[in-house]
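# Below is the sequence, then the predicted model.
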Amino acid sequence: MMPVSGQLFDNADPDGSERIGEGTVLFRGRLADRAEEIIDAIRQIAEPSPFRHLITPGGHRMSVSMTSCGELGWMSDRKGYRYTSTDPRNNQPWPAMPSLLADLATAAAADAGFDHYRPDACLINRYRPGTKLSLHQDKDERDPSHPVVSFSLGLPATFLWGGFKRSDKPQRLLLEHGDILVFGGPDRLRYHGILPLPDGEHPLLGAQRINLTFRKAG
Ligand code: SIN
Ligand code: FE2
C-alpha cells in the first residue's frame, strides 16, 4: 500500500476525488488548469445569450443570473420551470455546447461511475456576493437516471447538500474554483442549494462565482 497523505480522508482517492455519498463524488481542483479556456467559452455563449435574472413561478426575481448552452436550456417564468430549445430573449437556438465542456463533463461522470453520459443541457449560473440559491431538487429532466455534473469557477461557495425532504438538515460542502461535483444514482434527487456568496475577489473572475450544471434533460 502506498502511504496516504495526512490531508486525505478515508473517503478520498489518491487522485484527489472524494466520495461524498453513494452517488456523489467531488473532484477538487480538477478544472483548475482549464479554467481560462472555460471562461472564454462562457464569454462566447453570453454574447448571443446574456446572463439574465429569471422570474420564479411565484413571481420572484432570482438573485442568481443565468444563461444556457446545449440543445436545451433551463427556463423559469410565471408559467413554470421547463427546458426550451430556444432562448426566449432572441428566439434563436441556445448556443451550442462547446465540446471542451461536454467532454470534461463526460469524463468526470465516468470517473464517478456513470458511463456513457452525454449532456444535452448546460445551465450557467452567475453569483455575485450576496447571491444565494435556495434549497431545491433538480427534477425538470425527463429521466433522472442520468447524473448532474457541476463545475465551479471563481469565488468559493458553501454548497448545501440535503436529503430528500426540504426540511432535512443539509451537510455543508465548500465548492472552490476548479471543483467538479457529480451527483446521480441514489443521490440524484437530493435537495441542494448555495448559501449567500461571501465577498471576495478572484484572480480570474473578480467578485463572482460561476457554476455550470450539465444534465441530460431531454
Ligand atoms: C444548481 O443547483 O443549479 C447550482 C448549484 C451550484 O451553483 O453549485
Ligand atoms: Fe440544482
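Thanks, I have it. Ligands and ions are numbered 1, 2, ... in the order given.
# Nearest residue to the residue of the chain found nearest ligand 1 in space, please, no chain neighbours.
With CB to the nearest ligand atom, the shortest gap between the chain and ligand 1 falls at residue 211, namely 3.3 Å. No exception for glycine: its C-beta is placed from N, CA and C like everyone else's. Closest residue to residue 211 apart from its sequence neighbours, by CB to CB, 6 or more residues apart in numbering: residue 125 at 4.5 Å.
# tell me which element that neighbour falls in.
strand 121-127 (DSSP states H and E).
# by contact count, what packs against that strand?
Using 3 or more CB pairs under 8 Å, 6 or more residues apart in numbering; DSSP states H and E, the elements in contact with strand 121-127 are helix 35-46, strand 65-70, strand 73-77, helix 99-111, strand 209-215.
# interface residues of this protein facing ligand 1?
125, 133, 150, 159, 175, 192, 194, 211, 213 (CB under 6 Å from any ligand atom).
# show me where pLDDT drops low in this structure?
1-10, 14 (pLDDT under 70).
# how does it look with 80?
Low-confidence segments of the chain (pLDDT under 80): 1-16.
# Restrict stretch 156-163 to CA atoms and write it as CSV.
As requested, the backbone C-alpha atoms of stretch 156-163 are provided in CSV (Å, rounded to 0.1, in the frame of the first residue of the first chain):
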residue,chain,number,x,y,z
PRO,A,156,-15.7,29.7,-3.3
ALA,A,157,-19.2,29.0,-2.1
THR,A,158,-20.9,26.8,0.5
PHE,A,159,-23.0,24.2,-1.1
LEU,A,160,-25.8,22.7,0.9
TRP,A,161,-26.2,19.0,0.4
GLY,A,162,-29.5,17.9,1.8
GLY,A,163,-31.8,15.0,2.0
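# contact partners of that stretch?
Applying CB atoms under 8 Å, 6 or more residues apart in numbering, the contact partners of stretch 156-163 are 20-21, 24, 127, 135, 168-177, 181, 190-195, 197-198, 200, 209, 211.
# again with stretch 44-60
61-69, 73, 75-81, 87, 89-90, 92, 94-95, 98, 124, 126.
# Would you confirm that residue 113 belongs to a helix?
No. Counting by DSSP: H, G, I helix; E, B strand; the rest coil, one finds residue 113 to be coil, located in no helix.
# give me every residue that touches it.
23, 25, 185.
# What is the burial count for the residue nearest to the first one when sequence neighbours are not counted?
What that stands for is residue 23. Among residues not flanking residue 23 along the chain, residue 185 sits closest, at 3.2 Å (CB to CB, 6+ apart). For residue 185, the count of nearby residues is 17 (other CB atoms under 10 Å).
# Would you mind confirming that residue 185 makes contact with residue 147?
Yes. If you go by CB atoms under 8 Å, residue 185 and residue 147 touch, sitting 7.1 Å apart.
# any shared contact partners between the two?
Joint contacts of residue 185 and residue 147 (CB under 8 Å, 6+ apart) are 23, 114.
# how many neighbours does residue 205 have?
18.
# Could you find the closest non-adjacent residue to it?
Using CB to CB, 6+ apart and skipping the chain neighbours, the partner closest in space to residue 205 is residue 154 (3.5 Å).
# Thanks a lot, catch you later.
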